[in-house]
Every structure is written in C-alpha cells, then in structure tokens.
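K.L.:
structure for this input, please:
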Amino acid sequence: MGRHELASQRRKSSALMAAVIAPVAVFFAVGGSTHPTAAKEAAPVVAESDSPVGLQLVAAPTDYLRQDTPVGVAAASRMRMVSRFLPAGVASERGLQIRTIQAARSISDAFPAIHQIGGVRADALRWHPNGLALDVMIPNPGSAEGIALGDSIVAYVMENAGRFGLQDAIWRGMYYTPGGGAQRGGYGHYDHVHVTTTGGGYPSGSEVYLR
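P.N.:
Modelled structure (predicted):
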C-alpha cells in the first residue's frame, strides 16, 4: 500500500472517530453530573402569563435527583410541572365573593398545615354573612408552632394585600391593615386569623384563580 493511500485511510478514520465522539461529548455536557453534590440547582423557568395550558416549569428541590438517576434524564428531572391554576382549598366557597375565594385558595395552597377555614356564617357584622371574611383556624394556637404559623399567615396576606383586596387581618389582639400596619387592642382572635377582603362581587362560575 502506497504512502498516499495510507494517509488517506488515516484521515478517514480520524474523521469517523470525531463524528462519533462529538455527539457523545455534547450529550454529557447537557446531561450534567449524576452525583447529587455536583449537580447545580436549576434556575426556575416561568411560563408566560398567557400560556394556553396554564402550566409553569419550576426548579425541583436539590434532592430531587438521586445518585442512580440516568445521565440522559438528569437535566430534565431538575424541572417539574406545576399548574398555574389554584384548586379549591379547605374552605367552603359557598357565598364567598371573588377576592375572598382567591385569598382562601391561596392560603390553603401556601399553608398545608391549615385544615379548616371558615367563611360565610351568621354574625352581627356584615363581613361573614356577605362573603367578605375568612376565619383561618390555627392548629394548637397557643403553642410556639401555632403562634408562628398564625404570624406567617398574617405576613402572607399583608404581602399579597393587593391581590386579595385585603381590608384587614386580626390575630392575637392585633389589628392589621395594608395602609396602617398593626394596632394593638382588645381584638381577640387567639385561635384563628381573621381575614377581611373588599369582595369584588359574587362569582359567576367562569372565574380563574391563579397562583
């Protein structure tokens, strides 16, 4: 075999080897490490607000990947699908107005430790009978954990005051308003967080409640 023929065969072999190795290298670069300590936490990717399917991609917890996760699905496994639509929570929505329903569903979704939320009931004041108020019942309300949970719920509704149309919240003798902050007084409410909204009217059945 001549030198020119031998060189030509070597060039063809090198080109073939490069064609095989390149996709493999890209595959491993995209897949990332399967070792839990080496994997970087994925940044959340949020769907556009007009997404027709109502879903969003969020970063999975750091322990979502196990050491035995195949390399080929490692990157995809760092994401999980979450619906943008809030399901009905623990509160009965009968007689509640739109913003009160939004608040009730959001509290149920954000605080799974809450198992009971009161809504419409007879009362001398108009808030509960008109579907404008919620009673978020706190498990073990006198314990340190119960007090911390109630404090967290008050902070949450205050942070989302615009979205809920929040008028006020009451918890452990404190009266909270979006514009005025907290006032101490004889307001009671030591076993539940009282939440009042501006209502927004009664639902027609076509409403969509979003996270």
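K.L.:
for V90, give me its contacts.
P.N.:
Counting by CB atoms under 8 Å, 6 or more residues apart in numbering, V90 touches 108, 114-117. Every residue, glycine included, has its C-beta placed from N, CA and C.
K.L.:
R211: which of these is nearest?
P.N.:
Lowest distance from R211 to the contacts of V90 (CB to CB) belongs to S108, with 11.6 Å.
K.L.:
for the strand or helix carrying the closest one, give the mean pLDDT please.
P.N.:
If you go by DSSP states H and E, S108 is part of helix 98-110. Mean per-residue pLDDT for helix 98-110: 98.
K.L.:
and the next helix or strand past that helix?
P.N.:
By DSSP H and E, the next helix or strand past helix 98-110 is strand 117-118.
K.L.:
list the strands paired with that next one, with their directions.
P.N.:
If you go by DSSP bridges, strand 117-118 pairs up with strand 133-137 (antiparallel).
K.L.:
residues touching the strand it pairs with, excluding its own?
P.N.:
With CB under 8 Å, 6+ apart, strand 133-137 has contacts from 91, 100, 103-104, 107, 114-119, 127-128, 150, 153, 191-197.
K.L.:
what's the angle between that strand and helix 98-110?
P.N.:
20 degrees (axes from the mean of the first three to the mean of the last three CA atoms, to 10 degrees).
K.L.:
CA atoms of strand 133-137 as CSV?
P.N.:
The C-alpha trace of strand 133-137 is given here as CSV (Å, rounded to 0.1, in the frame of the first residue of the first chain):
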residue,chain,number,x,y,z
ALA,A,133,-64.3,37.3,55.6
LEU,A,134,-62.4,34.2,56.5
ASP,A,135,-61.5,32.5,59.8
VAL,A,136,-58.3,30.6,59.3
MET,A,137,-58.2,28.2,62.1
